[in-house]
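Peer 1: just to be clear, the model below is a prediction. Sequence and coordinates:
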Amino acid sequence: MAHYAELDDNNRVIRIIVIDNDHEPTEADGIAYCENLFKGGRWIKTSYNASIRKNFAGIDFIYDHKNDAFIPPKPFPSWVFNQTNYRWTAPIAYPSDNGNYYWDEYTQSWKLNS
């Protein structure tokens with residue numbers, strides 16, 4: 001199975017579909033299949049295991065043409081973008097004690113779920 005993301009005019013992902021591999025011997029064939037199926041749209045292949053384009057596309061991700069990468073939405077204002085793994089990172093590392101934590105933006109710290 002192959003996954004394709006539809007982009008809006010701002011390169012934001014608005015839809016993701018799965019097509020049979022028979023419809024995409026090449027990525028260009030897959031794009032043409034999606035365009036025909038939905039009577040248009042801007043489509044780009046994404047990979048469930050992130051083997052291409054850094055991340056599996058999700059709704060509201062942005063496709064960065066320059067870096068050929070899907071960028072997830074920024075989860076919190078304090079988080080910074082990591083260009084090594086193309087993901088957002090908290091200003092403080094996630095605790096390593098196997099607890100179940102959530103990010104508290106107000107205190108900018110990890111809080112243990114109770």
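Peer 2: Noted; the coordinates are in hand. Quick caveat, the model's predicted, so the values are computed rather than measured. Numbers count the residues shown, from 1 in each chain.
Peer 1: do a quick rundown of the strands in this structure.
Peer 2: 2-7, 13-19, 42-46, 62-64, 69-71, 80-82, 87-89, 101-104, 109-112 (DSSP state E).
Peer 1: just put these in TSV and tack on mean neighbour count, distance to residue 95 and mean pLDDT.
Peer 2: The C-beta positions use only the backbone N, C-alpha and C, and glycine is treated the same way. Converted to TSV, those look like this (neighbours: other Cβ atoms under 10 Å; distance: least, Cβ to Cβ, whole Å; pLDDT from 0 to 100):
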stretch	mean neighbour count	distance to residue 95	mean pLDDT
strand 2-7	21	33	97
strand 13-19	16	31	97
strand 42-46	20	31	97
strand 62-64	17	29	98
strand 69-71	21	26	98
strand 80-82	11	18	97
strand 87-89	15	14	97
strand 101-104	12	6	97
strand 109-112	13	6	97
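Peer 1: pull the contacting residues for residue 9.
Peer 2: Residues in contact with residue 9 (Cβ atoms under 8 Å, 6 or more residues apart in numbering): none are found.
Peer 1: leaving out the residues flanking it, which one is nearest to residue 75?
Peer 2: Spatially, and ignoring its direct neighbours in sequence, residue 75 is nearest to residue 88 (5.7 Å; Cβ to Cβ, 6 or more residues apart in numbering).
Peer 1: wait, the one you found touches residue 78, no?
Peer 2: No: in this structure, residue 88 is not within contact of residue 78 by Cβ atoms under 8 Å, at 9.8 Å.
Peer 1: nearest residue to the middle of this structure?
Peer 2: Geometric centre of the chain, nearest residue: residue 57, 3.3 Å, by Cα atoms, centre = their mean.
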